[in-house]
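Novice: Make a model of this:
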Amino acid sequence: MTTTARGRDNTVRICFLGLMAAIVFVVNYLRIPFMGTQLHMTNALCVLCGLLFGPSAGFLAAGLGSGLYDIVAGWGAECIITFINKGVIALVAGLIAWGACRKDTLTRADYVRITVGSVLGALSYVALYMLKTFVFGQLLDGLTLDAVTLSMLSKLPGSLINAVFAFIAAPILFSALRPALRLAGLFEKL
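Specialist: Residues are numbered from 1 along each chain as shown. Predicted structure coming up:
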């Protein structure tokens, strides 16, 4: 591959990363009331970032889109935490599944890796969100251990509902996008 072709591929990759970060940013605004919580696609798209771009670039796209949302929405003080927490979703999914995602032909074992990566990526966010709730409650708010535990328990069902949605939706979105991107000759450039 020539230097010019490699430069064009990098430009395409950067454009897709920016586009995906923008999509992650926008979907933060789309929330659906569901069973006493807010169902949103953000975590699903963070998983998708890991499946499409791999662990490091996926981390960047998912983290940037989510961190920028925090800044714009008035939670700027937490944007670094959000950047890391949402980026970790893509990082974990990408570490587990990206090797399978990159293959020309996917086998049943590859789909299992994609599913496992999606599940563990989505659940990693639940764990980090519970840790954040604990640390903020104990250290910043000075709550008792019982009060922090109640706060965590109140947030857990909504977080798990969003995790389930993420690890169901992300592989479906990936399976829909992959053939179109491959047909256009773009998938290999991601």
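Novice: what packs against the top helix by length along the chain?
Specialist: With residue count as the measure and DSSP state H as the assignment, the chain has helix 145-183 as its longest helix. Taking 3 or more CB pairs under 8 Å, 6 or more residues apart in numbering; DSSP states H and E as contact, the helices and strands that helix 145-183 lies on are strand 37-40, helix 42-53, helix 79-101, helix 108-135. Any C-beta I mention is one placed from the backbone N, CA and C, and that applies to glycine too.
Novice: can you list contacts of the first one?
Specialist: By that I understand strand 37-40. Outside of strand 37-40, the residues within contact range by CB atoms under 8 Å, 6 or more residues apart in numbering are 27-28, 30-33, 157-158, 161-162, 165.
Novice: Just the C-alpha atoms of it, please, in CSV.
Specialist: Below are the C-alpha coordinates for strand 37-40, written out as CSV (Å, rounded to 0.1, in the frame of the first residue of the first chain):
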residue,chain,number,x,y,z
THR,A,37,-36.2,4.1,34.2
GLN,A,38,-34.9,5.7,31.1
LEU,A,39,-34.0,3.3,28.2
HIS,A,40,-31.4,4.8,25.9
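Novice: Give me the sheet partners of that strand and which way each runs.
Specialist: Looking at strand 37-40 with DSSP bridges, its paired strands and their directions are strand 31-34 (antiparallel).
Novice: pLDDT (mean, whole number) over the strand it pairs with?
Specialist: Mean pLDDT, taken over the full extent of strand 31-34, equals 85.
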